[in-house]
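1. starting from these lines, generate the structure:
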Amino acid sequence: MKVLDQENRVTEFPETRTASQGGELEILADIYEPLSHLAVWNRTLSPVLNRTCQGILESGKSVQIVMAVTPERALEELNKELAKFDGGTALSEDINQLVDMFCCLFDQSRVGLRLTSLDSAMCPRFHVDKVPCRLVTTYAGVATQWLEHKDVDRTKLGAGNQGLDDDVCGLYQSTSDIKQLESGDVALLKGERWHGNEGGGLVHRSPALAMNQKRLILTLDFMS
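-> As a prediction, this is how the structure comes out:
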């Protein structure tokens, strides 16, 4: 699509991107659609897993697990890290399944894994990721916020905001434009380095946290 900017110059904008959401794991394959920039498996955590993740946040122990893992070794490595938490095995098993799924879906032999407990927004400004695709799931606490492609003025990303906050720089028009994932959702966020998606990466941010609020979040990334 071509539009005229304020100086009447012709500017190229990428075709609009779409988001897919559903209650079945298979919805994640929609990320391969050329104009898809987000695929979300809407799932509800089991009571055991929910108690485990809430308990980890309430334990007062910080979680900072960063590793490169293969599907074959993920469970063993995660159990070593999470054994100190009550019910840690349940979380290890769930993450192991996501690692296996991610590697299978994208033909990866290993992934970059980060499991982190947070008490503040890790990436508070709306931005795009300079990666092909990233898996994000919030196990406990408030989840990731995002904007539909059609609602974003991408010239206001980064330095284009001229130092102004997201809500006043013109990046989006209304707070009602902000969408939010739910705790438990498994999301694939297509980034700028996915072939053919330059200028179309999902615009998203970490949610603001109130005092004493915490999150437990997992991300998986390509290693090659």
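
2. wait, what's in contact with the residue most central in space within the chain?
-> For the chain, the residue nearest the mean C-alpha position is Val136 (3.4 Å; Cα atoms, centre = their mean). Contact analysis of Val136 by Cβ atoms under 8 Å, 6 or more residues apart in numbering lists 144, 181, 186-187, 189, 217-219. Where C-beta positions appear, they are placed from N, C-alpha and C, glycine not excepted.

3. can I get the residues you listed in JSON lines with pLDDT and secondary structure?
-> Shown next, in JSON lines, are those (pLDDT from 0 to 100; DSSP: H, G, I helix; E, B strand; the rest coil):
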{"residue": "Thr144", "pLDDT": "96", "secondary structure": "coil"}
{"residue": "Leu181", "pLDDT": "97", "secondary structure": "coil"}
{"residue": "Val186", "pLDDT": "98", "secondary structure": "strand"}
{"residue": "Ala187", "pLDDT": "98", "secondary structure": "strand"}
{"residue": "Leu189", "pLDDT": "98", "secondary structure": "strand"}
{"residue": "Ile217", "pLDDT": "97", "secondary structure": "strand"}
{"residue": "Leu218", "pLDDT": "98", "secondary structure": "strand"}
{"residue": "Thr219", "pLDDT": "98", "secondary structure": "strand"}
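
4. and these, which is closest to Phe106?
-> Closest approach to Phe106 among the contacts of Val136 (Cβ to Cβ): Leu189, at 13.0 Å.

5. for the closest residue to Asn212 other than its chain neighbours, grab the count of nearby residues.
-> Ranked by Cβ to Cβ, 6 or more residues apart in numbering and with sequence neighbours excluded, the top spatial neighbour of Asn212 is Asp119, at 7.9 Å. A count of nearby residues for Asp119, using other Cβ atoms under 10 Å, gives 13.

6. for Asp119, give me its contacts.
-> 209, 212-215.

7. give me the buried subset of those residues.
-> 209, 214-215 (16 or more other Cβ atoms under 10 Å).
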